[in-house]
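*Asks:* Below is the structure, and that's it, no one-letter string:
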Ligand SMILES: Nc1ncnc2c1ncn2[C@@H]1O[C@H](COP(=O)(O)OP(=O)(O)OP(=O)(O)O)[C@@H](O)[C@H]1O
Ligand SMILES: [Zn+2]
Ligand SMILES: [Zn+2]
């Protein structure tokens, strides 16, 4: 008798283990990864098979050995789909659920086709099975048949003649003909019965943008030539090739400055994988998944490239998913979730800009694609390539400490051009000398020179709008927590400063405690205000300003359009938030300005300095990529801060020498692992009480279950205390770097009863602590 372990598609933590069902003999097509309909209690539920086993019915102990009571075993009612994932996919879902303490069914869903799965829907009185609304779509195509040559339509048969004439030039879709000629179904039938035409149904790949159409879609790509590799690139390929041959799940970091040709390394590594009949998954940050990026991959691999990102419709994503599963697409270029597509014989995973926060999902399951990819390649004997000009400290740390992580350095740009020179502008000094504009004199001068020369400038406004802090405009002082070394958040209400890590509170000082200046101001300006001031600075120059922020890029395709607008205008300034730091590759950008390098630096988050360093390096990398030399200007109130000095001199080791001892001392990653437990709800009191209670529970569990070196910080309000009408508290847990955080905390969260008023979520290895 066949038994199946089934994970139910019901999001309750108490249902977080697999249930065993009998697979009736007639269900020969039941496989791991299939959706099935099963009886559950007094209803029907959908589940996914994660394991199949045989049991010998003749053996009286067989069932009890598995802890099963044969009289209570129920059978699968129906197999609803083909297999969506293999055994390893099933294991990966299990791993995700344990590692990130997330409901199993939410992890399983990562592996199912976008929109293409059956669901149970409650009608109000009973549960009804809904088959997928998204699935493959066919187009009907018509072409001339064998009887076409001798065919002469009657004079009155106008439509018959029109159809035959139209097809003389080649086959057409029925939909196109119908658009031209109106209703033609009966005419088509007549013609096809006579053998004058032939009709065929063919799978249609739903509309991606021009140049983005998938495998079997359009073939409008330009083949790109392979350049001669730089020595760094060749070395990187060799290290990747060696890892691929060993097939033991190793990781290679391509640590290459901006413009060093990392993408070319990826392309050639993929080529090697394809030659061995292995598939490749390439993850890029959502924001850099532009038609240009896709075109670079299509240019080399043509139709075998599938694309996956969240701006595509479900139908489009379904089609791409299906192409991958069928083996027609052997390369996927996609955002985070593309990691879970069913690529047969996966040999290579590439994660570009591996330091990017967007690889961490901010809803359950809160996985980090980089860490999951490392797990996945180990299990599959594949290779993971990470690329960045500013690798995360965790990744650098792993390369340093582990034998199966390798690092290859590309120290120079592929075209041999120097990195642009970076000038740091001390805004406190500017202010002190009476210049009150948010554009320093140097930056203003450089902007005007750039425009006059008919070239382009990129200005970045560092913006994390919500968290505000106090800043002394004369000396740059920002009040910090005495015990956490993160900046204190300013609360208008009560005029207080609060540490959102430990709860430390103090009153807003009347004057700057450092220099006595009364100019202690709340910090932060929006892009619109900067745009207005910029327009004043550029008045009369005729320079075109393109603003790119969350507001101007919300519409579909807006991001792309704005970039094209910038590219096509001559002298122009692109003003934008962090989103412009990545992937821009315009030859005539000769000036990059960072208007405020600081907002990020002073966020109450231990990664602030790391992010600031990375952001300046990345944005500096946008200048002088081609013939014209570039320059970079960084405005800051903390010209002395290590992150900024190090970024300005492209000196990562200087930054790390300053940052790592702090991380070690204050117990932050990579020296410890963290978990952030979020508690939120509409009722402020209930949230606070629940958070305090939970923190006691966690403390007890940690004391009883965990080894040495764990700590649980007291429950505290989050930096974003109120979000969308809810109150938010959190509890920070720290554990020694090698410890299994989830193993200790998992049981506690699994047995927690859901509450109507207060929500609880846990974020293991959090990226954002706000
Ligand atoms: N070996 C090579 N010889 C000449 N040009 C090259 C070579 N490799 C790459 N290039 C070119 O150098 C430019 C930068 O390459 P690429 O975009 O791959 O760099 P990158 O390291 O990914 O940069 P970034 O981190 O800034 O995105 C591209 O125009 C690319 O075509
Ligand atoms: Zn001051
Ligand atoms: Zn503190």
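*Replies:* That came in fine, so what should we check first? What you see is a predicted model, and the numbers here were worked out from it, not measured in a lab. Ligands and ions are numbered 1, 2, ... in the order given.
*Asks:* which stretches of the stretch 501-650 of the chain aren't confidently modelled?
*Replies:* For the stretch 501-650 of the chain, the stretches flagged by pLDDT under 70 are 501, 523-527, 581-583, 599-604.
*Asks:* residue ranges for the strands of it, please.
*Replies:* 505-507, 520-522, 544-548, 572-576, 589-594, 631-636 (DSSP state E, counting those that start in this stretch).
*Asks:* Same question for the stretch 651-770 of the chain.
*Replies:* Counting by DSSP E, counting those that start in this stretch, the strands of the stretch 651-770 of the chain are 672-681, 711-712, 716-723, 726-736, 759-764.
*Asks:* Pipe the strands of the stretch 501-650 of the chain into TSV and attach mean neighbour count and distance to residue 92 per row.
*Replies:* Every C-beta, even on glycine, is put in place using the N, C-alpha and C of the backbone. Converted to TSV, the strands of the stretch 501-650 of the chain look like this (neighbours: other C-beta atoms under 10 Å; distance: least, C-beta to C-beta, whole Å):
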stretch	mean neighbour count	distance to residue 92
strand 505-507	12	44
strand 520-522	14	46
strand 544-548	19	36
strand 572-576	25	36
strand 589-594	26	40
strand 631-636	24	42
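*Asks:* out of the ones you listed, nearest to residue 564?
*Replies:* Nearest to residue 564, of all those, is strand 544-548, at 9.7 Å by C-beta to C-beta.
*Asks:* on that earlier part again, mind checking the strands of the stretch 651-770 of the chain for the one nearest to residue 42?
*Replies:* So among the strands of the stretch 651-770 of the chain, strand 759-764 is nearest, using C-beta to C-beta, at 28.5 Å.
*Asks:* List the pairing partners of that closest one within its sheet, with orientation.
*Replies:* Applying DSSP bridges, strand 759-764 is found paired with strand 672-681 (antiparallel).
*Asks:* In TSV: the strands of the stretch 501-650 of the chain, plus distance to ligand 1.
*Replies:* Below are these laid out as TSV (distance: least, C-beta to the nearest ligand atom, whole Å):
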stretch	distance to ligand 1
strand 505-507	42
strand 520-522	35
strand 544-548	18
strand 572-576	16
strand 589-594	12
strand 631-636	14
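*Asks:* Let me know which of these is the nearest to residue 118.
*Replies:* So among the strands of the stretch 501-650 of the chain, strand 544-548 is nearest, using C-beta to C-beta, at 40.7 Å.
*Asks:* right, and the strands of the stretch 651-770 of the chain - which one's nearest ligand 2?
*Replies:* The closest of these to ligand 2 is strand 716-723. By C-beta to the ion, the value is 23.3 Å.
*Asks:* Run me through the strand neighbours of the closest one, direction for each.
*Replies:* strand 726-736 (antiparallel).
*Asks:* lowest-confidence helix or strand of this protein?
*Replies:* Ranked by mean pLDDT, DSSP states H and E, the weakest helix or strand in the chain is helix 598-601, scoring a mean of 66.
*Asks:* Of the strands of the stretch 651-770 of the chain, which shows the lowest average pLDDT?
*Replies:* Among those, strand 716-723 carries the lowest mean pLDDT, a mean of 78.
*Asks:* what about that strand, distance to the chain center?
*Replies:* Distance, stretch centre to chain centre, for strand 716-723: 24 Å (C-alpha atoms, centre = their mean, to the nearest Å).
*Asks:* what do you get for stretch 122-133?
*Replies:* Worked out by C-alpha atoms, centre = their mean, stretch 122-133 lies 32 Å from the chain centre.
*Asks:* What residues of it count as buried?
*Replies:* Neighbour counts over stretch 122-133 (16 or more other C-beta atoms under 10 Å) mark residue 132 as buried.
*Asks:* and what of stretch 139-155?
*Replies:* Buried-residue list, stretch 139-155, by 16+ other C-beta under 10 Å: 141-142, 144-145, 148, 151, 153.
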